[in-house]
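*Asks:* From the sequence below, what's the structure:
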Amino acid sequence: MSKQVESVVDRPSAAAATAARFSRRIAATWWYTAAGVMFLEGMLVMIWLGAPSGSGPARMLTVGVAGLVWWVSTVPLLLQYRHTDAAPGARRWSVIVPLVIAAVCGVVAGAATGLWIIGAMPVVQSCLLLRWPSGVRVRVVAAATALLAVLWVIDANTLFAGELGSRGGWFLGFFCLFIPVTTVLSLWWWDVLVALDRARVSEARLGATQERLRVATDVHDLQGHHLQVIALQLELAERLMVKQDPEAALEQLRAARSSVDEARQGTRDLAMRFRSAPLRDELANAVDLLRAAGTEAEALVDPGTEAAPAEVLGPVIRETTTNVLRHGGGRWARLALVRSGSSWRYEISNHLAAEGPVGGDADEGGSGLEGIARRVAEAGGTVEVRRGKSEFAVVVTVPAGTAAARDTTTEEAR
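*Replies:* As a prediction, the model looks like this:
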């Protein structure tokens, strides 16, 4: 069986373009930031080995070991900076231990080189890796830079003034003053990206919630009006029956039945407002919403989707997309709608984040999948849910003749 499948043409929207730049929920940006900070610290340790004070393999070995231990101790601080939801007790120890190691390594390296700036640098740099409040962070980096500048001047004027130019003293001082500012700017940029990412996710979830609230409001207004009218007409018919006026009571019953028909027609018209969008547009909207939430999304669509049962698959596409948005956290999502023999097959799969299930709501007692299964079963189709270690998928198969058969049955019943 051969069929031509084409990719959905991406809409040139600003939201989709922005989301494409953060396709993996800015996780890669964090590793670039952490690697940049670690690289600068490693360069600093290498510069310590050539510090213009003292010489000999014993001094270099002492400085190298102390610098390496301190360099490794900054890794937990960087990880702690990224994961801000850890328990308070865990935060306390993951901060105290690296700071103590930095202080000890600074004392050892400072004593081996005889330089105050090297002795203070590990503690200063480790403190700058802590998550300070925005107003406090500026004062901390300013104080740290001023302290290192003073220590550099002291070392330059007292210990190695004669060797300052010939053995790279100026470069050591400049690099020690350069690292704190660069580190803080890198972490500040990461905080900005995190805030933007959370804003995109919140916007996508808010959009889905507002759409549901709008539909619920329309249904409430429509049904509430008609039910109130029907209740009054039935009450009037009851009173007329008591007054022995069956003709008038029968007239009110006919009016009540007419109101029921109007309510059904109004509900049908309301549903048609959401069925009117072609399935290709439904999938394109789903891709845009997922990308706006920071998920790398794409869709494959059969060219003949106009013949697919939109009244069944349209709500299913919207519900499964909302389900992914509501649970969040996945790096990617794939959607496909293709013809498979005498049926239409819709599949949506998404990545499961390590912190919990992304696609399904069965674990949380939600009714999204149950509603999808009920809707599809009424159309004679099937729903398959696959949950793996890193992937969640929903596969919906609907007979190709669902729409025509249902319309024919409805017309015959009328």
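
*Asks:* ok, so what distance separates L352 from V394?
*Replies:* According to CB to CB, to the nearest Å, L352 and V394 sit 13 Å apart. The C-beta positions use only the backbone N, C-alpha and C, and glycine is treated the same way.

*Asks:* quick one: what helix or strand has A299 in it?
*Replies:* strand 296-301 (DSSP states H and E).

*Asks:* Okay, buried residues for that strand please.
*Replies:* E296, A297, E298, A299, V301 (16 or more other CB atoms under 10 Å).

*Asks:* Which residue lies closest in space to the second one, excluding its sequence neighbours?
*Replies:* Among residues not flanking A297 along the chain, L290 sits closest, at 3.7 Å (CB to CB, 6 or more residues apart in numbering).

*Asks:* dump the residue contacts of that neighbour.
*Replies:* Applying CB atoms under 8 Å, 6 or more residues apart in numbering, we find L290 in contact with A204, A297, T321, V324, L325, A333.

*Asks:* Over to R59?
*Replies:* A112, T113.

*Asks:* which residues of the protein fall in helices?
*Replies:* 14-21, 27-49, 57-82, 88-113, 116-128, 134-158, 169-242, 246-275, 279-292, 310-327, 368-378, 402-413 (DSSP state H).

*Asks:* Next, count neighbours for L250.
*Replies:* Using other CB atoms under 10 Å, L250 has 13 neighbouring residues.

*Asks:* so what's it closest to, chain neighbours aside?
*Replies:* Nearest residue to L250 in three dimensions, chain neighbours excluded: A237, at 7.8 Å (CB to CB, 6+ apart).

*Asks:* got it, and M43?
*Replies:* Nearest in space to M43, with sequence neighbours left out and distances taken as CB to CB, 6+ apart, is F175 at 7.2 Å.

*Asks:* Isn't the one you found up against M46?
*Replies:* No: using CB atoms under 8 Å as the test, F175 is too far from M46 to be in contact (10.0 Å).

*Asks:* still on that earlier bit, next up, the contacts around the residue nearest to M43.
*Replies:* Neighbours of F175 in contact, by CB under 8 Å, 6+ apart: M43, L44, I47.

*Asks:* ok so, going back, so how far is S94 from the residue nearest to A297?
*Replies:* Distance of L290 to S94, computed by CB to CB: 34 Å.

*Asks:* For A237, give me its contacts.
*Replies:* For A237, the contacting residues are A249, L250, Q252, L253, A256, by CB under 8 Å, 6+ apart.

*Asks:* oh, I was asking about T322
*Replies:* A208, R212, G368.

*Asks:* Can you list the strands that the strand holding A299 pairs with?
*Replies:* For strand 296-301, the paired strands and their directions (DSSP bridges) are strand 6-7 (antiparallel), strand 332-340 (parallel).

*Asks:* May I see these organised as TSV, with mean pLDDT, distance to F39 and mean neighbour count added?
*Replies:* Formatted as TSV, the strands paired with strand 296-301 follow (pLDDT from 0 to 100; distance: least, CB to CB, whole Å; neighbours: other CB atoms under 10 Å):
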stretch	mean pLDDT	distance to F39	mean neighbour count
strand 6-7	42	39	10
strand 332-340	91	29	20
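
*Asks:* Any chance of a markdown table for those, columns distance to V37?
*Replies:* Shown next, in a markdown table, are the strands paired with strand 296-301 (distance: least, CB to CB, whole Å):
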| stretch | distance to V37 |
| --- | --- |
| strand 6-7 | 39 |
| strand 332-340 | 28 |
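
*Asks:* show me where pLDDT drops low in the stretch 101-250 of the chain?
*Replies:* For the stretch 101-250 of the chain, applying pLDDT under 70 flags the ranges 158-170.
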